[in-house]
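>>> here is a sequence with its predicted model. Questions after.
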Amino acid sequence: MYTLLKQIAKAGIVSEPPPETDEALRVTRQRLDDAILEQFGRSLAIRHVDPGSCNGCELEIHMAQAAHYNLEGRGIRFVASPRHADMLLVTGPVSRHMKVALLRTYDAMPAPKLVVAIGDCGACGGGIFGESYASCGAVSSIIPVDVAVPGCPPTPLAILQGILTAITK
(Lines give C-alpha, C1' and ligand atoms only; values in the text may rest on other atoms or scores of the structure.)
Protein backbone atom coordinates (compact mmCIF):
# COMPACT_ATOMS: atom_id res chain seq x y z
CA MET A 1 0.00 0.00 0.00
CA TYR A 2 2.83 2.35 0.92
CA THR A 3 4.56 1.79 -2.45
CA LEU A 4 1.34 2.55 -4.31
CA LEU A 5 0.86 5.82 -2.41
CA LYS A 6 4.49 6.72 -3.03
CA GLN A 7 4.03 6.10 -6.76
CA ILE A 8 0.88 8.24 -6.83
CA ALA A 9 2.66 11.08 -5.04
CA LYS A 10 5.60 10.86 -7.45
CA ALA A 11 3.41 10.90 -10.58
CA GLY A 12 1.33 13.88 -9.44
CA ILE A 13 -1.96 14.88 -11.02
CA VAL A 14 -2.28 13.50 -14.53
CA SER A 15 -5.28 14.50 -16.58
CA GLU A 16 -6.16 15.59 -20.07
CA PRO A 17 -5.97 19.28 -20.92
CA PRO A 18 -9.33 21.03 -21.35
CA PRO A 19 -10.68 21.03 -24.92
CA GLU A 20 -9.87 23.95 -27.18
CA THR A 21 -12.54 26.59 -27.69
CA ASP A 22 -14.56 25.55 -30.73
CA GLU A 23 -16.04 28.50 -32.63
CA ALA A 24 -18.33 26.24 -34.70
CA LEU A 25 -19.79 24.81 -31.49
CA ARG A 26 -20.40 28.28 -30.05
CA VAL A 27 -22.17 29.44 -33.23
CA THR A 28 -24.25 26.25 -33.42
CA ARG A 29 -25.25 26.59 -29.75
CA GLN A 30 -26.43 30.18 -30.27
CA ARG A 31 -28.39 29.30 -33.42
CA LEU A 32 -29.91 26.32 -31.60
CA ASP A 33 -30.94 28.49 -28.64
CA ASP A 34 -32.57 31.05 -30.94
CA ALA A 35 -34.41 28.43 -33.00
CA ILE A 36 -35.73 26.58 -29.93
CA LEU A 37 -36.94 29.82 -28.41
CA GLU A 38 -38.65 30.84 -31.64
CA GLN A 39 -40.21 27.47 -32.55
CA PHE A 40 -40.92 25.78 -29.23
CA GLY A 41 -41.07 28.52 -26.63
CA ARG A 42 -37.88 27.64 -24.73
CA SER A 43 -37.65 23.84 -24.63
CA LEU A 44 -37.49 20.92 -27.02
CA ALA A 45 -38.53 17.41 -25.94
CA ILE A 46 -36.89 14.51 -27.78
CA ARG A 47 -37.84 10.84 -27.76
CA HIS A 48 -34.95 8.59 -28.75
CA VAL A 49 -35.63 5.19 -30.33
CA ASP A 50 -32.97 2.59 -31.10
CA PRO A 51 -34.57 0.00 -33.40
CA GLY A 52 -31.40 -2.05 -33.83
CA SER A 53 -28.16 -0.06 -33.88
CA CYS A 54 -24.66 -0.98 -32.70
CA ASN A 55 -24.86 1.74 -29.96
CA GLY A 56 -22.08 3.88 -31.47
CA CYS A 57 -24.56 6.67 -32.21
CA GLU A 58 -26.01 6.38 -28.70
CA LEU A 59 -22.57 7.04 -27.22
CA GLU A 60 -22.33 10.24 -29.27
CA ILE A 61 -25.84 11.27 -28.19
CA HIS A 62 -24.80 10.76 -24.55
CA MET A 63 -21.68 12.82 -25.23
CA ALA A 64 -23.90 15.61 -26.59
CA GLN A 65 -25.68 15.57 -23.22
CA ALA A 66 -22.37 15.95 -21.32
CA ALA A 67 -21.12 19.23 -19.90
CA HIS A 68 -19.09 20.30 -22.94
CA TYR A 69 -22.07 20.35 -25.32
CA ASN A 70 -24.75 20.80 -22.63
CA LEU A 71 -28.00 19.90 -24.38
CA GLU A 72 -29.95 20.26 -21.14
CA GLY A 73 -28.68 23.82 -20.74
CA ARG A 74 -29.89 24.58 -24.26
CA GLY A 75 -33.44 23.56 -23.31
CA ILE A 76 -33.27 20.16 -25.00
CA ARG A 77 -34.40 17.24 -22.87
CA PHE A 78 -35.06 13.59 -23.54
CA VAL A 79 -38.48 12.25 -22.56
CA ALA A 80 -39.71 8.73 -21.93
CA SER A 81 -43.07 9.06 -23.64
CA PRO A 82 -43.62 9.91 -27.31
CA ARG A 83 -46.79 11.73 -26.25
CA HIS A 84 -44.60 14.43 -24.71
CA ALA A 85 -42.07 14.59 -27.57
CA ASP A 86 -41.58 17.28 -30.20
CA MET A 87 -38.93 15.28 -32.06
CA LEU A 88 -38.11 11.63 -32.67
CA LEU A 89 -34.41 10.74 -32.81
CA VAL A 90 -33.83 7.35 -34.48
CA THR A 91 -30.49 5.53 -34.63
CA GLY A 92 -29.62 2.42 -36.59
CA PRO A 93 -31.46 0.19 -39.02
CA VAL A 94 -34.98 -0.93 -38.23
CA SER A 95 -35.07 -4.58 -37.26
CA ARG A 96 -38.21 -6.57 -38.10
CA HIS A 97 -39.00 -6.92 -34.39
CA MET A 98 -38.87 -3.14 -33.83
CA LYS A 99 -40.90 -2.07 -36.87
CA VAL A 100 -44.24 -2.09 -35.04
CA ALA A 101 -42.77 -0.34 -31.98
CA LEU A 102 -41.29 2.41 -34.17
CA LEU A 103 -44.59 2.91 -35.98
CA ARG A 104 -46.51 3.09 -32.68
CA THR A 105 -44.01 5.58 -31.28
CA TYR A 106 -44.35 7.75 -34.38
CA ASP A 107 -48.15 7.55 -34.32
CA ALA A 108 -48.25 8.50 -30.61
CA MET A 109 -46.34 11.75 -31.18
CA PRO A 110 -48.36 14.96 -31.41
CA ALA A 111 -48.19 17.02 -34.60
CA PRO A 112 -45.94 18.46 -35.96
CA LYS A 113 -43.82 15.33 -36.01
CA LEU A 114 -40.09 15.92 -36.52
CA VAL A 115 -37.90 12.89 -37.23
CA VAL A 116 -34.09 12.92 -37.26
CA ALA A 117 -32.32 9.76 -38.44
CA ILE A 118 -28.76 9.36 -37.16
CA GLY A 119 -25.93 7.22 -38.51
CA ASP A 120 -24.86 5.50 -41.72
CA CYS A 121 -25.61 1.99 -40.45
CA GLY A 122 -29.26 2.17 -41.24
CA ALA A 123 -30.88 5.40 -40.31
CA CYS A 124 -29.60 7.13 -43.43
CA GLY A 125 -29.73 4.34 -45.98
CA GLY A 126 -29.42 0.81 -44.69
CA GLY A 127 -25.64 0.74 -44.61
CA ILE A 128 -24.07 -2.69 -44.25
CA PHE A 129 -27.33 -4.19 -42.98
CA GLY A 130 -29.60 -3.24 -45.88
CA GLU A 131 -32.85 -5.14 -46.17
CA SER A 132 -32.81 -8.77 -45.11
CA TYR A 133 -34.84 -11.34 -43.24
CA ALA A 134 -33.98 -9.52 -39.97
CA SER A 135 -33.85 -5.88 -41.11
CA CYS A 136 -36.30 -3.52 -42.77
CA GLY A 137 -33.43 -1.25 -43.78
CA ALA A 138 -33.45 2.52 -43.46
CA VAL A 139 -35.79 4.41 -41.15
CA SER A 140 -37.16 6.33 -44.16
CA SER A 141 -38.66 3.09 -45.49
CA ILE A 142 -40.86 2.89 -42.36
CA ILE A 143 -41.61 6.50 -41.32
CA PRO A 144 -40.98 9.88 -42.99
CA VAL A 145 -37.59 11.37 -42.07
CA ASP A 146 -37.05 15.14 -41.96
CA VAL A 147 -33.26 15.18 -41.51
CA ALA A 148 -30.64 12.45 -41.91
CA VAL A 149 -27.34 12.94 -40.07
CA PRO A 150 -24.61 10.89 -41.78
CA GLY A 151 -21.58 9.45 -40.03
CA CYS A 152 -20.51 6.26 -38.37
CA PRO A 153 -21.01 7.52 -35.73
CA PRO A 154 -21.60 11.23 -36.32
CA THR A 155 -19.97 13.69 -33.94
CA PRO A 156 -22.03 15.39 -31.23
CA LEU A 157 -21.67 18.66 -33.16
CA ALA A 158 -23.14 16.99 -36.27
CA ILE A 159 -26.03 15.71 -34.15
CA LEU A 160 -26.66 19.22 -32.81
CA GLN A 161 -26.58 20.60 -36.36
CA GLY A 162 -29.06 17.91 -37.47
CA ILE A 163 -31.44 18.86 -34.64
CA LEU A 164 -31.04 22.53 -35.60
CA THR A 165 -31.78 21.77 -39.25
CA ALA A 166 -34.93 19.86 -38.31
CA ILE A 167 -36.40 22.58 -36.12
CA THR A 168 -35.65 25.40 -38.57
CA LYS A 169 -37.36 23.67 -41.52
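In hand now; what should we look at?
>>> use CA for all of it now, contacts and neighbours both
OK.
>>> for this structure, name the helix or strand with the lowest mean pLDDT.
Sorting the helices and strands of the chain by mean pLDDT, DSSP states H and E puts helix 23-40 at the bottom, at a mean of 76.
>>> buried residues, stretch 79-90. List them.
Of the residues in stretch 79-90, 79, 82, 84-90 count as buried by neighbour count, 16 or more other CA atoms under 10 Å.
>>> how about stretch 56-66?
57-58, 60-61, 63-65.
>>> secondary structure element for the residue most central in space within the chain?
Centroid-nearest residue in the chain, with CA atoms, centre = their mean: residue 61, separated by 4.0 Å. If you go by DSSP states H and E, residue 61 is part of helix 56-64.
>>> just how off-centre is that helix within its chain?
Mean C-alpha position of helix 56-64 versus that of the full chain (CA atoms, centre = their mean, to the nearest Å) differs by 6 Å.
>>> that one - contacts with which helices or strands?
With contacts taken as 3 or more CA pairs under 8 Å, 6 or more residues apart in numbering; DSSP states H and E, helix 56-64 sits against helix 156-168.
>>> for the helix it packs on, packing partners?
Applying 3+ CA pairs under 8 Å, 6+ apart, we find helix 156-168 packed against helix 23-40, helix 56-64, strand 114-118, strand 147-149.
>>> mind putting these into CSV with distance to residue 1?
Shown next, in CSV, are these (distance: least, CA to CA, whole Å):
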stretch, distance to residue 1
helix 23-40, 45
helix 56-64, 36
strand 114-118, 48
strand 147-149, 50
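>>> which residues does the residue lying closest to residue 139 once chain neighbours are set aside contact?
Sequence neighbours aside, residue 123 is the residue nearest to residue 139 in space, at 5.1 Å (criterion: CA to CA, 6 or more residues apart in numbering). By CA atoms under 8 Å, 6 or more residues apart in numbering, the residues touching residue 123 are 90-94, 117, 137-140, 148.
>>> returning to that earlier point: the helix holding residue 61: what's the following helix or strand?
According to DSSP H and E, the helix or strand after helix 56-64 is strand 76-78.
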